[in-house]
Structures are given as structure tokens and as C-alpha cells.
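In: With the sequence up front, the predicted model follows.
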Amino acid sequence: MSYEIKINDRLANIELLSREDNKIQVLLDNKVYDLDILEVEKGVYSILLDNRSFNVELVEGKNAKTYLVNTLYDSFDVEIIDAEAKYLMNRRKDDGEDEHIIASPMPGKVVKVLVKEGDHVKAGETVVVVSAMKMESEYKVKQDRVIKKVLVKEGDTVSGDQPMVIIE
Amino acid sequence: MSYEIKINDRLANIELLSREDNKIQVLLDNKVYDLDILEVEKGVYSILLDNRSFNVELVEGKNAKTYLVNTLYDSFDVEIIDAEAKYLMNRRKDDGEDEHIIASPMPGKVVKVLVKEGDHVKAGETVVVVSAMKMESEYKVKQDRVIKKVLVKEGDTVSGDQPMVIIE
Amino acid sequence: MIKKVLVANRGEIAIRVMRSCREMGIETVAVFSEADRSSMHVRYADDAYYIGPSPSSESYLKMEKIIEVAKKSGADAIHPGYGFLSENAAFSARCQKEGILFIGPDSFAIETMGDKITARKTMIAAGVPVVPGTTEPISDLKKAVEVIHGIGLPVMIKASAGGGGKGMRLVKEESQILDAVSAARSEAKAAFGDDAVYIEKYINSPHHIEFQILGDKHGNVVHLFERECSVQRRHQKVVEETPSPIMTPEVRAKMGEAAVAAAKAVNYHGAGTIEFIVDDNLNYYFLEMNTRLQVEHPITERVVGVDLVKQQINIANGLELSFRQEDLKQHGHAIEVRIYAEDPDNNFMPSPGMIKHITEPLGLGVRHDGYAYEGYEIPMHYDPMISKLIVWGETRTEAIARMKRALYNYKITGVKTSIPYLHRILEVPAFIEGRYNTHFIEENQQYLKPRKNCSGRCEDVAVIAAFFDYINKLEKIQPQAITKDLGNNWKDFGRKRSILRL
Amino acid sequence: MIKKVLVANRGEIAIRVMRSCREMGIETVAVFSEADRSSMHVRYADDAYYIGPSPSSESYLKMEKIIEVAKKSGADAIHPGYGFLSENAAFSARCQKEGILFIGPDSFAIETMGDKITARKTMIAAGVPVVPGTTEPISDLKKAVEVIHGIGLPVMIKASAGGGGKGMRLVKEESQILDAVSAARSEAKAAFGDDAVYIEKYINSPHHIEFQILGDKHGNVVHLFERECSVQRRHQKVVEETPSPIMTPEVRAKMGEAAVAAAKAVNYHGAGTIEFIVDDNLNYYFLEMNTRLQVEHPITERVVGVDLVKQQINIANGLELSFRQEDLKQHGHAIEVRIYAEDPDNNFMPSPGMIKHITEPLGLGVRHDGYAYEGYEIPMHYDPMISKLIVWGETRTEAIARMKRALYNYKITGVKTSIPYLHRILEVPAFIEGRYNTHFIEENQQYLKPRKNCSGRCEDVAVIAAFFDYINKLEKIQPQAITKDLGNNWKDFGRKRSILRL
């Protein structure tokens, strides 16, 4: 069976044609690739393609289907799109709830919470300040909004991608 | 409950008295130890005992109950003696079969097999030669023996601890 | 003689200090905060003591607690590293009072050099050049013109009461002087109700060049030549090198003498750094003195061949310097880059987190000072620096090539790092040619933007690797998975999902 | 100019060569045997080609196959590293015939120096001292006595037809000469039916000291000073250092000249090493020439400041050497130790296997050339060397302290290594004092035996760590395990056992 894989903005179609030990043949968007692929360290693959040597490092993302893929100089966000992912993608589009959440993209400590439930905030206003590694980052709203819920308080430690404020 | 632990030739008795996060209290051969113990890397423990810092590396042996333990300059063979181990130890004593096997302590390639089934060999005679990393090792019998079974042939690759010859 | 050193620091510098202690047969004591129980310095030291919660104000900055641990552990000296308590005059004095050797200068030197105005006055008295300018506000037009002629163009006129750029005027030409002074004064008057102005020499293309010095307790001071630190982002040094590509032997000798004079002016003992601002014509002016070890000290160690931490310890022990100025030489070229846990392609956002995998660069001419290891969680409480990569080459060209080679096989996954950004810096023409000043980063934005180096085929390889890893994971859970059609079998899919999320 | 280099080797040397190529902007081609698919050199190179089964005779020694890959990959040069094809005159000639640059000397130099007798004659002709002795058998007593007087005592008398120590006599004093010659002759007669003997100078306490040389294709040859390699076990070098602790500037200059003369005698181009045997009075004699890069070349690179692989490539490119003899200096002291996968406490039994965990030593003055990584399985087919640790210090004393510090935090688990043994060598008084010769290992057995460094408490810590790990494993499988009594519950125990063995 074939899989759809999202890499940055590209949606690629891939299928395993054959496999023998570390030699595989895949069909990727109508191109046939013969590779020698070997996991040499946990999450690190050595790939030989037409005798060129590639080292690829995979870091699993939020779940087993998302990866950060590092090649020599580049990083790619890669997602395996199977039925579950498709279903979630469609749902997300429908209710668009993700846009209503202000989340911290990095772990840190909440230094300031400048809003409370019910507040009306103007476009560009800062709602939360998070500090990590001696640097403070301000989280702002892009448009005039009403604060629906504040999920963190000053002094809280937040992890990466943790929702902090819900806006309407 | 308390465990018996074999370290080199010493048999130690150990019991966990309390545990809170990485702080533990153990009773070891009537001595009470309070330690701060933390697995910092896979198989590597950082231990603070009376504010002294120890780094201990554990390598699992043949099974989950045996370890090679490396401290700063020393290596110890450690075995957790529970009921199963005791049972096996007793059985081993009874039939003493281990002594009848010539095994390779390291992986390698069988270069020469100098005996066949039924051969009578004299004390000190070489029965098998194994080569690894450009070095050859000869495996000899310590006493006059009869060869019961030869399990390898020339050119075979052997792994560590693999029986090669059974003697009577 | 010192037998046991408490290192009042964390991260790479704590380990770097402990390494030299170990080579000298000196025992080491680590102190650690809550976030640092698993940190490498705790594992490297002979002793380790918990000193408080994660914020540094409650741990690494707690003098009381650190002195207490020093006494309890039997440490006879404290090394402060850099940052934290390293330039705290009160701490130096406190150590002395408690009979513990502070491996660094005395409180008088720290205090004098710590206050900008006192330092400037002290330097003027010692004959060390400072940036020419007025020290008192000027309210008179004629006086202002006189002063400007005295300093020489270009100058910067600044409102005495000022701030925010208001009342500031840059004067480059003779003909602009009168108009500029008038405009600055009236603007200052309007903005702050006070038309007094300061006048200061304007350094057109400033270079940040610093001199390493060592002084013992017997009045001997030597310098260990310069470090070029003009590659800065938001006043943070990013790349340092020695020798400076713009230096001449004559200016080096003169600046070195000035650096020694600066240190002698405060009876300095220990390792210290005199920072200068230097213009394109190699005029140099005292900026400030750092009364501690610098982050970038390894490039000096490599080119001069001296272990600066050992020198600090010997000096603290009261020994005389074992070399004179004429014994010291520069051999070859060294470059240091700082690896930060940050995302250079996303506004340098800090990137704390767990190091999943690390491959350190090795081989000829490469020194690596770090503290991270696989499975280590970089805490969010402290500086985002993971490590420093220092290379040496016979020539500057070789050193750059070697640094690129080292960065090429330095891999850290789990957190974002500045490695790709550093690589881009090394390929900027102005850097390669050694023609750069502190405006370097700003002026070379077009070279420093993220680039796609990976061709279409290389992107395909990334897709295939992820795909292969994924089907292997499925395989492990359910050997027939890849041959089944997941899409139409929802029950099966649900089961698999729950397993994958284990 | 060379654009792409095939490295006909594996392990640390393949990577070391590739690093210099990368710094020069030269592409690299790896070749690998079956056992080496996962080896680091395959991952480091730009291209990688499979060349055959694991035994080196079927892969790394297959000239035909390697030439074929060079052509297919478009490599214009081959670097042989050390070992394998590096001293194979036929391979050098073959490369030349195929129009591929061999990064090493021509076949004439390899051949001449490869044959002991030809090399000895060539050296005598070039005025390079060789171990004094007869080249023709002597059957006459008077002649023998004359020859002995000519050579000077002590001498070794060896049966011409001999072997196994029969007919051998060491003569130390004048009074023993007649008796010894007679005894040796009659013993030789009895044993081999031939009473002819050879006479050779006997070197009492031999030092192995070698000189690095570089020669270009324009007849320029320089030496890069000596390396002291007397710490040997079974003729394998274990520790190397430079400068040699017994060398004087005068002898160094003379030996350097002899080394240059030796190289010039065979029109040598490339990097090479002249090995000398040196006695306690610093008399030196040519032993042999290695017509390739040596394992221990990094200590020369560190002290002289020259990248020898880059020099090899420049020479192969036909460039003239960029420095003259008087430009080269020695700075400080460097030591190298070789880390082998072997069990020093069990008769140095090889220990192939999987590297479970590795912590590499870093920091000031430490260079580490290796190829192993976590999860890498060291194959049983090749040399057991895992890596080389090279340190530099201002003085020999500092270098030794630094090496001990580096070994202290160099950790490899999964295979046994020579690290503890190397540590013990560094603590032998004769080594610390620099008074040692090739009998060092043999004469210092009492210092080199395994010791217990771990006190009772440290042993207790080992027990506790294993215990803690074990109960954690149980806990993971069965959260209540540690509170249950396993011993009396056989059913439960059986279940647990099967899980633990998963």
C-alpha cells in the first residue's frame, strides 16, 4: 500500500516496492529509488543512494507519525498522513479551534499574565510573557479579541506547545 | 524484602528501606546508606553519598540479573541472587556440566579444530584455535580428556560464550 | 597551596575549571541547584552539594550558602567561573574575610573596574587612551565648537538629559558643526527642557578587540595578546578569533602595553581582560575591564600555549608568574564559536529541551568544551550556551576551513542550535576576508538568512528515511501491518493508534 | 589538482584522512567490506562503495576492485592510510599506470626500503649509520676477533645458519672474546653443521626513536623531529611522545640530517618515517623506513603545527614544500596512547563487540581520533584499535597530567579496553622520569598489574547501583514487585522470568 507524506508544504506519495535486508526499493512520486538504508544509531540512518552517502537523523515529534528530519544542513518537518491524520486534518479545518489558543512554542516560565477572563484586548497587545534561558518572549494577539480563558498564572512552568490562553 | 547480591566473591545482603524520588535508604550488610541516585544516561547512574559524587555504569550481562558494573577505575561482576538464581546455582553444582564445555569467551572465527569426537587428548593440548582482531587464541584442555562432541567447524563464526567442544 | 576548589558555577565553565584542577591534583567541589542534579559538573566533581532552587538568585548567587558549603566540604579556595558571582566585589571580600582563597582579583580591583566612571578616570590617570569626549555637560555654543575641534571629527552630540535618540546628532564634516550643535540643543531643550549636551568621539566602524592579561600578587603583569570579538549579535559575541585580522605588530605591542598599564593601575592580580574599541585606522580606546575569565579564553590558550585556569590557581597560591612578556608568542590562528540552544531561523528563540543525540566533532586542531550529553535536559533557567567549539590552524584560512569541517560533523538533535547560523557566518565574504566590525551581523543579513542546501533528491531521501522508520515501527507492533490497508479498517486503526501512542 | 580522493582504508585513519580532505574542499570516496557497512568512514564520506566480504584479503587488499571503484567514482587520487595497501609497491605502480595519483611514494622507494638488506646497503652508501656488524659470514677465529675489535663491545655473535638462540653469544668484556667466539662456533657447528658466524653490535638498552620526514617531488626533504616510541608490548607501540625525553638538541640535529639523507637516498616524496635504534649514549642506527603515514603521526602534528595529510596531498599534487627546515620548531610536548578493544587483565585478549556507551574526553589540549560510536559493533576482522588519544602540554609533566585527566573521563562500555592499563603505564616511576627503553613493559610488570582502586565503600556503591537498577526493572514490569516475596511464589516468579528475558 502507498502512504502520503507531508514534507514542509509538499505532499508526497510513497510505496515500498521491495525489501531485502537493508536494501529497499521505493516508488516516490513516480520515481523509483533503490537504496541501502541502515539504522546505525537510534534514530540515525545511513543511506547509500547511487553510492552517495547520506546521514539522516530522525527525531519523533508529538506522535509516532510526525518527525523532524535532519539532513546535512537542512531540517524538515515530516508527517505520515494515514487515515487517522486525514481525519484529524479535516476536523481541524472544520472547527478551526487551534487558532483560538495561544500556546508557548518552548518550555519556560510564565513571568507575566497581562489579561484575565472576559478582557477585551486590542490587536498587537501582549497577553503573556514567558521567560526561558535569560530571554523573555511576549505573546500577543493579532486582532482585537476577547479573552475566554486563562490557563496559566505567573510563576507557572510551561512545556513546549502548552496552551496558555484561549481567545474568542 | 531483602536480596542477596554476589559481587566478585562477596555475597552481600541488601534491602531497600525507603525511597523518595531519587533519594533512597538501603541496608547493606548491616550498614545503612542514604544516597541520592539518578539514572542520567541509559545504564549510567550518578550517585551522591555523603556529598561524594560517584559515576557508575551498568552493562547488563547474559540476563536481567547479571551486570558488569564499572566504577571509576574498577569493574565488578554483579549478580542478583533471587530464587531462580539460587535454584540454578544449586542445579549447576549438582551436575557440574559447565566444566565440560570449552566455550569461546569472545566472538571470533574458528581457524582450526584439532580434535574430533572420541579423540583422547592429553593435558595442555590445544583443541580449537579462534581468531579475532588479528590475534589467535588457543583453547586447551587442562587434564587428559575424551572429546564427547565437537560443535563447531573451521571457518565458523562464534559469538562470545558459545560452546565449541564438549568433553567428558 | 590549594588542595580543594569549590567551583561556584555550572555548565561548560565549571567542567573546564575542574579539568585543570584534576591535572593539578586538586580536588573539586560542585554546587548545584534543583534543575542541575543531572548536570555534568555534578558528575565530574569529586564532591557535590545541593544549594537551592533552580533560579540562580536562589542558588548560584547565594553567597552565604556557597561559603557554607566551602567550609563544610573543606574547600580552601573558590573559583567563580564567569557570570554569577565572578565580578561581585562583596563576594571576593567575603571569601577573604572567611579565610577562603577567591580565585580572582581582590574587591578593590573589581569595584574600581566595575564602575564605568571610576574606571574611565583611573584609566586616564594611568595614561590609557579612552574614547575622547566631555565629562561635564556643555551649555555654551562656542565652548561646544571648541571641544569638537579639540576631539576632531566625526563626533556624536548627545543631549545631557537625553535618551531615545532625541537631541542626538552625528557630525562628520566641518561645515555641519554649527548647525548640528544648534539643532541638538534646541531639540534637547524641547524634549527635556535642558539644552546642555555631551560631545564624544564617534567611532565609525568600531572593532571590539580585547587583551588577555595575567597579573600575580608580586606586581608582575603580562598580556597574552588580543582577541577579535567584533562578530556580535545584540552585544553578544558569536565568533571570536586570535590574532585579529586587522592587527599590526606595532599596534599590538602598544595596545598590550596599555592593557598591562590598565591592570597595574588597579594592582590587578589574576586573569583579566581589557576591552578596547578600535577604529579602522587602529586607534584604540579603553572600553572596560572584565575582572574574570572570559568565555572566549580558549583561543588565547591555544595560540599562546598557556592554561589560563592553572595560571589563575598559581596566582591565587601566591606564586610568581613563570614567564615574562618576551617569553610569550602567538602560534597560528584560533577561532571559537558558541553553540547556543536557540532557533536561528525563528528569531533566535531559546530552545531548551532534551538532547536526543549528539555527535561531537573530533580530530586535528579541534577543541570542544561542552557539558551536554545524550539524554540531558537543558534547563530553561540558565544561559542557552551548550558548548564552545575552538579550532586551531596554521593560518586563518586553515582555521576557517577547519571550523567548517568541525561544524559539518557536529550534530545535536532534540533542541535547535545555532550551528547552521554559525556555518553561514563563516561563509560571509567580509568574514573570509577579515574585513568586519561590530556592524557585521547587521550589514550581512542577506548572507545569514536560512538557505536550502538540500536538493530535490536530498529532500526525497528525507521522506524515504521517515517513511522507512515509520513502517519499521508498525512492523514491530504488528508484523503484517505494512501489507494491510489501514484506511478502510477503522477498528484495526484505532487499536494501532493506541499502541503507537504508548 | 586533486578533486576527489578514494580512501583505501577503514577505521580512525580513514576518517582522519577524510577530515583533511574536507578542509581542502576535496570530495571523498569510502570503500567498505561486508562487516563495515555501519562503520563511521562510510557515513563520513561523500561516496561509499561496497568492495567485498569481511576478510581484508577479499576487500581492503583487493587492488583490482579498488582501482575499479576509483574509476567508477571519478576519484583522481587514492590515499592508502596505514596498513593494508599502504606499503605495497605494486599498488603504487599500478595506480601510476592507471593514471590515478597514489598519495604516497613511488614503487621504487617502497621497494628499496621494503627489503631489509637493500635498505641497509642503501643507507650505508648514503652515510646513514646502521647497526655495526658483518654483512658476510665469518669462519675464521682471528678474523672474528678483528671484527669485534672493529665494532667495539658489547657485541652479539650469531650463528650464520642459526635460529632459536643456538650459537648465540653476548660478549660484554674483552676477556670473554676468545671463549665466546669459540663456543659460538662449536655450538653452531654442532647444531647446524656450519661454524660460520655473524657479528653485530649489541644495543644494551635500546630506544626506539623515529623521525618524521616530508619530501616533495622537487627534491626538497625536511624532517619534523623525532617521536619516542620505546613503550612497546610485543613489538606493538603503546605510548608515543615527542620530544623524546632523552634527546639533546645536538643529537636531534644530527639524527634529523641522517633522516633527510636516508629519504634523499631513495628520491623519496611524500610523508615517511625513519626508525632508529638508539642506545643510552645516544648512538643511533638506522632500523628501517616506513614509507607511509604512521599511527602516531598526530603527536608530530601537534608539536610542529603541521597537518601531515594535507602535506601528503600537496606533495601528490606536485607542489613544493611551503616551509624549509629552519621554519620548523617544536612547541611543548605531546603524548599519544592507543585505545584497544582488549582485556589487559586477561592476557590482552581481543574484545570485539558492541559499544554500549561512550563518553569522550574533551577540553584543553586533548585531541581524540576515533571512529566508534554508541551502538557500533566493533568487527572481529580487523585491528582492535578503537581510537587514539593525543594530548599536548607546555611541558612533559603537564602532558602526562593531562593524559591522566583525559583517560579519567574517557568511558567506553560494552567492550573491554586498554584504558586502565594505559593509566597504569602513566604512573610507572620510570615513565614519569622519562628513563625508559624498549624493555620498559617487561621491566615494570609489578606496576602494570591490575590493582584495586575502589575502597570498600566504593564496592558498596557498585552493589547498590546494580540493586537499584534491578528493582527499577522489576517495578516497570510489575509495579508491586519489590514489596512481594518472590522466593515463595513460584508461579508468579515464572511469569516474571519470561518477561525479563524478553
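Out: Perfect, thanks for sending it.
In: how deep is residue 46 tucked in, by neighbour count?
Out: I went with chain A, as the question did not name one. Neighbour count for residue A:46, taken as other Cβ atoms under 10 Å in any protein chain shown: 23. All C-beta atoms are positioned from the backbone trio N, CA, C, and that covers glycine.
In: Wait, chain C was what I had in mind.
Out: 19.
In: And for residue C:89?
Out: By the criterion of other Cβ under 10 Å, residue C:89 has 19 neighbours.
In: How far away from the center of its chain is stretch A:147-166?
Out: What separates the centre of stretch A:147-166 from the centre of its chain is 19 Å, taken as Cα atoms, centre = their mean, to the nearest Å.
In: I'd like the distance between the most centrally placed residue in chain C and residue C:44.
Out: Note on chain C: the residue nearest the mean C-alpha position is residue C:295, at 4.5 Å, using Cα atoms, centre = their mean. Using Cβ to Cβ, to the nearest Å, residue C:295 is found at 19 Å from residue C:44.
In: try residue C:270
Out: 23 Å.
In: higher neighbour count, those two?
Out: Neighbour totals were compared for residue C:270 and residue C:44, and residue C:270 leads with 25 against 21 (other Cβ under 10 Å).
In: Pairing partners for the more buried one in the sheet, please.
Out: Here residue C:270 shows beta-bridge partners residue C:215, assigned using DSSP bridges.
In: could you list every residue that touches it?
Out: Residues near residue C:270 by Cβ atoms under 8 Å, 6 or more residues apart in numbering or on different chains: C:103-105, C:214-215, C:291, C:312, C:315-316.
In: Break chain A into its domains for me.
Out: A:2-81, A:94-167 (automatic domain parsing).
In: Count the residues that sit near residue 127.
Out: All of this is about chain A. Taking other Cβ under 10 Å as the neighbour definition, residue A:127 ends up with a count of 21.
In: Chain C, not that one
Out: 11.
In: Would you check that it makes contact with residue C:260?
Out: No. With contacts counted by Cβ atoms under 8 Å, residue C:127 stays clear of residue C:260, the gap being 11.5 Å.
In: on that earlier part again, in JSON lines: the domains of chain A, plus distance to residue C:471 and mean pLDDT.
Out: Listed next are these as JSON lines, based on distance: least, Cβ to Cβ, whole Å; pLDDT from 0 to 100:
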{"stretch": "domain A:2-81", "distance to residue C:471": "6", "mean pLDDT": "92"}
{"stretch": "domain A:94-167", "distance to residue C:471": "26", "mean pLDDT": "83"}
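In: Can you add distance to chain B and give those domains back as JSON lines?
Out: Formatted as JSON lines, the domains of chain A follow (distance: least, Cβ to the nearest Cβ, whole Å):
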{"stretch": "domain A:2-81", "distance to chain B": "10"}
{"stretch": "domain A:94-167", "distance to chain B": "17"}
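In: Which among those is found nearest to residue B:117?
Out: Smallest distance to residue B:117 across the domains of chain A (Cβ to Cβ): 35.8 Å, for domain A:2-81.
In: Report whether that closest one contacts chain D.
Out: Yes. Domain A:2-81 reaches chain D (Cβ under 8 Å from any Cβ of the partner chain) through A:22, A:36, A:38, A:40-42, A:46, A:48, A:51-53, A:55.
In: Which single one of those residues is nearest to residue D:168?
Out: Using Cβ to Cβ, the residues of domain A:2-81 next to chain D come closest to residue D:168 at residue A:40, 53.3 Å.
In: and residue D:233, which of the domains of chain A is closest to it?
Out: That would be domain A:2-81 among those, by Cβ to Cβ, at 32.5 Å.
In: and the closest one, how far from the chain's centre?
Out: Relative to its parent chain, domain A:2-81 has a centroid offset of 17 Å by Cα atoms, centre = their mean.
In: That's all I had, so thanks and see you.
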